[in-house]
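Engineer: Make a model of this:
(one chain, ligands or ions: 2)
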Amino acid sequence: MATLPWDQIQAAPKVVLHDHLDGGLRPATVLELSNAIGHDLPANDAESLGQWFRDSATSGSLERYLETFVHTIAVMQSAENLTRVAREFAEDLVADGVVYAEVRWAPENHLQGGLSLDAAIAAVAAGFAEVEAGGRIVVRQLLTAMRQFARAREIAELAVFWRDKGVAGFDIAGPEAGYPPTRFLDAFDYLAGENLRFTIHAGEAFGLPSIWEAVHPCGADRLGHGVRIVDDITVAADGSVELGRLAAYVRDRRIPLELCPTSNVQTGAVGSIGEHPFGLLASLGFRVTINTDNRLMSDTSMTKESYLLAEAFGYGWGDLERFAVNAMKSAFLPYDERVELIHRVKDGYAALRG
Ligand SMILES: O=c1[nH]cnc2c1ncn2[C@@H]1O[C@H](CO)[C@@H](O)[C@H]1O
Ligand SMILES: [Zn+2]
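Structural biologist: Ligands and ions are numbered 1, 2, ... in the order given. Below you'll find the predicted structure:
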């Protein structure tokens, strides 16, 4: 079967649940804002800078991948810059055909210029609201706490305070090995008490124990990546498949997997797109979703991730529609708003099929 055409994939309504604000700046904006504040960059023109991010992030290690974020976080320390970055981020999503996005970022990384946590969140909300007013996209924030620091409870409280005002949930991110999510049980218990949903980066750089902790003691509603759940799946030589108890639990509970193919190849979690467990997990009926993780570091977009997966696994419109509907079903948006967007997605694919 021929691969779906790029421009039609771009036009198709797409949903992204895992996309970092500080991982999706335009190279030209990083340059301009760095020049204005005197921050030194490893390259002096937009093209070389974009290339530097991509090359540096392709390190085979999550820790080294994360080092590149110093240059984006450096220019996101004022309300004005945060609003601009958020606005451009949402504009780029619209151009990419995204109709619903949950955008995560860690407010605690944006206080070096004297902003309060609240002021930083308000600045991002303002940028998204400007683009949402155009009526082509719905964008919500997920507030992330960094696993190597100790502010998760405070950030969780902010997520609850800002719910219904642009924030839809909570996340933890950062280096996975050595920082188990159970360090933040008080934050997760608090969120459960407040009935606010959350996702946890787990099963990316570390395997099954990390996923088990995220799902059980922590109670994550979704898994950020979760790709290593394949470690609990055995495919025999004759093609028969056996699921371990944890993999079966994740599938039975319909726990959404926020899969980010290109990012996984860069950090060494997966060898290549063709070898990505996305294909196996999708065929076994896991609730898989397509995500970008960091569009700048991975030089990617929802169109590109979808195109690459379609090329690798022979997906057609019905598959891409299913992945988008999976994502919309898994969104931390209230049910009625979610249903409306599911209809919008389905209508979009119906129109594409003609
Ligand atoms: O794939 C990832 N795994 C773990 N942490 C990540 C990933 N991508 C980005 N961040 C971390 O999340 C912070 C807030 O957006 C970023 O600053 C980065 O450190
Ligand atoms: Zn991520």
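Engineer: and the gap between R253 and H216?
Structural biologist: From R253 across to H216, the span is 11 Å (C-beta to C-beta, to the nearest Å). From N, CA and C alone the C-beta is placed, and that goes for glycine too.
Engineer: now D45
Structural biologist: From D45 to H216 the distance is 49 Å (C-beta to C-beta).
Engineer: What of L142?
Structural biologist: 21 Å.
Engineer: How about G60: what's its closest non-neighbour residue?
Structural biologist: Computed as C-beta to C-beta, 6 or more residues apart in numbering, the closest residue to G60 that is not its neighbour in sequence is G268, at 3.6 Å.
Engineer: how deep is the one you found tucked in, by neighbour count?
Structural biologist: Look at G268: counted by other C-beta atoms under 10 Å, it has 15 neighbours.
Engineer: which residues sit in contact with it?
Structural biologist: Taking C-beta atoms under 8 Å, 6 or more residues apart in numbering, we find G268 in contact with 59-62.
Engineer: By neighbour count, which of those residues wins?
Structural biologist: Neighbour-wise, those (other C-beta under 10 Å) top out at L62, 22 neighbours.
Engineer: what number of residues lie near the residue nearest to it when sequence neighbours are not counted?
Structural biologist: Leaving aside its chain neighbours, L62 sits nearest to A205 (4.1 Å; criterion: C-beta to C-beta, 6+ apart). A205 has 22 neighbours, counted by other C-beta under 10 Å.
Engineer: Next, A205: secondary structure please.
Structural biologist: Here A205 is coil, with the state taken from DSSP: H, G, I helix; E, B strand; the rest coil.
Engineer: What does it show for phi and psi?
Structural biologist: phi -90, psi -10 (degrees, to the nearest 10).
Engineer: quick thing: my sequence starts at 20, can you match it?
Structural biologist: Fine by me, first position is 20 from now on; the one you just mentioned is A224.
Engineer: and this structure, which residues reach ligand 1?
Structural biologist: Proximity of the chain to ligand 1 (C-beta under 6 Å from any ligand atom) is limited to residues 39, 41-42, 81, 85, 88, 123-125, 128, 163, 192-193, 220, 223, 282, 312-313.
Engineer: can you tell me which of those residues are in helices?
Structural biologist: Among those, the members found in helices (DSSP state H) are 81, 85, 282.
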